[in-house]
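>>> Attaching a predicted model along with its sequence, questions to come.
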Amino acid sequence: MPVLTFDQSLPWRPQRVLVAGTSGSGKTTWAVLASRADLMVWLDLPVATVMRQVTMRTLRRRLQREVLWNGNREPALWTVAIEPDHIVRWAWKTRRRTAERIVALMKERPDLPVVRLTSHREGRAWVAGPLAASSPGGMAYQREGA
């Protein structure tokens, strides 16, 4: 699935797209991006999927001693048991945060279209279908949860 950054142009040329997944920006960054967004894409994966992905990615990075950023590497695997902010524990603790933020944003910005995708399959289908078919004459997505 292609990754679209906030400033990349989409076929209908919105100025800003806010992409919300399981990991989020801090409150300040979220508020600024949300206030400027023309479209919200919400990747709302099941908790089991998110936790499996986070755990497997963490294992792979640790076992392959992959360099992350600024020379950092995943810590020893046993640290998940003692580090309160270990990425696996953080993912579990913050699993509801994005949904709460989006519900609040939908109340604040009823004009903001929200595309809620609940699986990778839905995401691929949306990118290949409605997103690809969208044009300045009409957007091919629906506001979810309104």
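That came through, no problem.

>>> Specify which residues of this protein, grouped into ranges, have pLDDT under the cut-off.
Residue ranges of the chain with pLDDT under 70: 1-28, 132, 134-146.

>>> Where does the closest residue to W92 other than its chain neighbours fall, secondary structure wise?
Nearest residue to W92 in three dimensions, chain neighbours excluded: M51, at 6.7 Å (Cβ to Cβ, 6 or more residues apart in numbering). All C-beta atoms are positioned from the backbone trio N, CA, C, and that covers glycine. Here M51 sits within helix 47-63, counting by DSSP states H and E.

>>> What lies in contact with that helix?
Residues from elsewhere that reach helix 47-63, judged by Cβ atoms under 8 Å, 6 or more residues apart in numbering: 22, 45, 66, 68, 73-77, 80, 87-88, 91-92, 95, 119.

>>> how about those, which pair is most distant?
Farthest-apart pair in the contacts of helix 47-63 is A76 and S119; separation 32.7 Å (Cβ to Cβ).

>>> Give me the more crowded residue out of these two.
For A76 versus S119, the count of surrounding residues by other Cβ atoms under 10 Å is larger for S119: 13 against 9.

>>> For the chain, which segments count as helices?
With DSSP state H as the criterion, the chain has helices at 27-36, 47-63, 87-93, 97-108, 120-126, 132-133.
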